[in-house]
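In: Fold the stuff below for me.
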Amino acid sequence: MISSVFGKSRLFNFLLVWGWIMLFVILDQGIAGVALSWKTMLINAVLLALILGLLQFVIAKNNLTTQHHIALFFFGMSVSAHPTAVLDAPMMGTLAALLLAFRRILSMRSLNEVRSKVFDATLWILLASWFFPSALLALVLLYLALYFYQWDHPKNWLVSLLAIAAFLVLLWGFGSEAAALGYFNGLQAEFMRPDSTQHPWFPFLFWSAFGGSAWTLFRTVQSLKSGLSGRLLSLRLVFVFWGIGFLWVGLHVHAHSSVWLLAFVPASVLAAAAWETLPKFWMKEAMLWAGMAASIGAWISGVMQAV
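Out: The predicted model follows:
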């Protein structure tokens, strides 16, 4: 049943995922007794729609999956397990900026206007680091893409340095001195700094998510290694994004629980790619129902702990 709905690419699926996530946001805040203003809800709803649109655009434009909305489904299930993440505007801004950067990185595969894409991707990553300093780790994705696609063009590597210089000029030229110093102090204070607290369920949640994503990686590689080398190369960058995402989670989840959002995106793409490889319809359906059950179960457990 779920496969029949999300196995096609249509606007209804987009609205269904958006509505599903917003429903859990409202339920979660209602149970917690938090009253959100309509302005806050509107801003977060628009940000969520933007991120869903960017995610599907990146997937469709770069052929990361075939024409369906399964990745949106998995992303929706992941976010609804931790709906308060949608209310973290800085982290949502980080995710939007990283998706825009990832879009430019993946489009380097065409070998057209590579320098422009390197410049744009670097700026988007730097903008993401304004909200979340550790986002600078996403530069690894950019440099790996350069290595995959144009390792023998050293001038393209220097373009990233020009973008960094341009960002610093804009930061000092148009921003206040206090804002610039705040940015650099944030990098020094938070970059790669794990929090000392420990949630009792974190090891279980982390390794469950890591193991599930590792299975999708293995399943996808086994299916694609004999062909579709261009798509496999793009998925390798998704794999790296996934690895960086879990590194962010491991380092910062206790200080920024919404950092899970950054791991949900690549994990959802990999899950959709793995879903495509399942040979039987019932297997595909079982995978989707299992994802939904896990999402609702994780949300209920979070609510019970908070009460």
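In: wait, what's in contact with the spatially most central residue of the chain?
Out: In the chain, the residue lying closest to the centroid (C-alpha atoms, centre = their mean) is Val265, at 3.1 Å. By C-beta atoms under 8 Å, 6 or more residues apart in numbering, the contact set of Val265 is 55, 75, 95, 98-99, 241, 245. Placement of C-beta: from N, CA and C, glycine included.
In: Neighbour-wise, give me the winner out of those residues.
Out: Leu98 (29 neighbours; other C-beta atoms under 10 Å).
In: Specify the local secondary structure of the closest residue to it other than its chain neighbours.
Out: Leaving aside its chain neighbours, Leu98 sits nearest to Ala128 (5.0 Å; criterion: C-beta to C-beta, 6 or more residues apart in numbering). Assigned by DSSP: H, G, I helix; E, B strand; the rest coil, the conformation of Ala128 is helix.
In: which stretches of the stretch 201-307 of the chain aren't confidently modelled?
Out: 201-230, 254-255, 306-307 (pLDDT under 70).
In: from the contacts of Val265, which is closest to Ala85?
Out: Taking C-beta to C-beta as the measure, Ala85 lies nearest Leu95 of these, at 9.2 Å.
In: in what helix or strand does the closest one lie?
Out: Leu95 is part of helix 89-106 when elements are defined by DSSP states H and E.
In: Likewise for Val34?
Out: Residue-wise, Val34 maps onto no helix or strand under DSSP H and E.
In: The helix or strand Trp282 falls within packs against which elements?
Out: Using DSSP H and E, Trp282 sits in helix 281-306. Packed against helix 281-306 by the contact rule (3 or more C-beta pairs under 8 Å, 6 or more residues apart in numbering; DSSP states H and E) you find helix 2-6, helix 11-32, helix 70-81, helix 260-277.
In: closest to Ser107 out of those?
Out: Nearest of the helices and strands packed on helix 281-306 to Ser107, taken as C-beta to C-beta: helix 260-277 at 15.7 Å.
In: Check which residues of that closest one are buried.
Out: 260-276 (16 or more other C-beta atoms under 10 Å).
In: what does stretch 51-71 give?
Out: For stretch 51-71, the neighbour count (16+ other C-beta under 10 Å) marks 51-52, 54-56, 58-60, 62, 64-65, 68-71 as buried.
In: And for stretch 36-55?
Out: Of the residues in stretch 36-55, those buried (16+ other C-beta under 10 Å) are 41, 44-45, 47-49, 51-52, 54-55.
In: Repeat that for stretch 83-90.
Out: Buried, per 16+ other C-beta under 10 Å, within stretch 83-90: 83-88.
In: for these, which one is nearest Arg236?
Out: So of these, ranked by how close each gets to Arg236 (C-beta to C-beta), first place is Ala85, at 26.8 Å.
In: Now stretch 106-120: buried residues?
Out: So for stretch 106-120, counting by 16+ other C-beta under 10 Å, buried means 106-109, 114-115, 117-120.
In: Average pLDDT for that stretch, rounded please.
Out: The average pLDDT for stretch 106-120 rounds to 87.
In: Offset the numbering so it begins at 243, please.
Out: Sure, I'll start numbering at 243, so the last one becomes stretch 348-362.
In: neighbouring contacts of that stretch?
Out: Under C-beta under 8 Å, 6+ apart, the answer for stretch 348-362 is 300, 303-304, 306, 342-343, 346-347, 384, 387-388, 391-392, 395, 397-398, 401-402, 404-405, 408, 472, 475-476, 479.
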